[in-house]
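K.L.:
Starting from these lines, generate the structure:
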Amino acid sequence: MGAADVVPGVSGGTIAFISGIYEELIDSLKSIEPRLVPMLFKGGVGAVWQAVNGNFLLALFLGIFTSIFTLAKAISYLLDQYPILIWCFFFGLILASALLLWRQLAQRHWQHWLMLLIGAGLAYWVSMLSP
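P.N.:
This next block holds a predicted model:
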């Protein structure tokens with residue numbers, strides 16, 4: 001996720017989705033709420049840690065920050081030297097996530113196809129804009 005966050009226009013959330021941890025990440029982040037303050041005083045740090053899925057969040061955020069600090073220069077270099085290959089790689093990741101979402105649809109109605117065409121058209125239009 002950290003490597004993807006270094007690349008402009010690519011989301012670490014896409015990587016989370018492809019790797020299958022997106023729902024756990026969202027659920028863990030949603031569990032951080034005001035009710036944790038009384039839990040801290042009542043059950044201690046361990047109870048709060050367990051309630052927010054602390055081991056998962058710690059491992060994830062340490063991995064993200066480590067990746068950002070260790071890969072930022074490498075990704076920048078690769079984007080400078082091999083931009084087409086790097087953009088193709090990340091475009092492939094985004095396309096893979098779109099295919100995963102498409103497969104999750106139980107039934108495909110005409111509205112789904114319409115939104116697919118509109119999204120593809122907008123993506124093409126944005127890619128053709130002058131900087």
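K.L.:
How many residues are close by residue 60?
P.N.:
Neighbour count of residue 60, defined by other CB atoms under 10 Å: 19. In short, each C-beta sits where N, CA and C put it, glycine included.
K.L.:
list the contacts for the residue nearest to it when sequence neighbours are not counted?
P.N.:
The shortest distance from residue 60 to any non-neighbouring residue, by CB to CB, 6 or more residues apart in numbering, is to residue 25 (6.8 Å). Applying CB atoms under 8 Å, 6 or more residues apart in numbering to residue 25 gives the contacts 16, 56, 60.
K.L.:
Same question for residue 29.
P.N.:
Taking CB under 8 Å, 6+ apart, one finds residue 57 in contact with residue 29.
K.L.:
Give the buried residues for the helix or strand hosting it.
P.N.:
Remark: residue 29 resides in helix 22-30, with elements defined by DSSP states H and E. By 16 or more other CB atoms under 10 Å, the buried positions in helix 22-30 come out as 25, 28.
K.L.:
next one: stretch 70-84
P.N.:
By neighbour count on 16+ other CB under 10 Å, the buried set for stretch 70-84 is 71, 75, 79.
K.L.:
any idea of the mean pLDDT for whichever strand or helix holds residue 121?
P.N.:
Element membership for residue 121 (DSSP H and E) is helix 110-127. Mean pLDDT, computed over helix 110-127, is 87.
K.L.:
what does it contact?
P.N.:
Residues outside helix 110-127 that contact it (CB under 8 Å, 6+ apart): 102, 105.
K.L.:
Could you check how far the longest helix along the chain is from the centre of its chain?
P.N.:
The helix that spans the most residues within the chain, counting by DSSP state H, is helix 54-81. Remark: helix 54-81 is offset 13 Å from the chain centroid, using CA atoms, centre = their mean, to the nearest Å.
K.L.:
What angle do helix 22-30 and it make with each other?
P.N.:
120 degrees (axes from the mean of the first three to the mean of the last three CA atoms, to 10 degrees).
K.L.:
Need the buried residues of stretch 70-84 in CSV (columns: pLDDT and distance to residue 97).
P.N.:
Listed next are the buried residues of stretch 70-84 as CSV, based on pLDDT from 0 to 100; distance: CB to CB, whole Å:
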residue, pLDDT, distance to residue 97
71, 83, 20
75, 82, 19
79, 85, 20
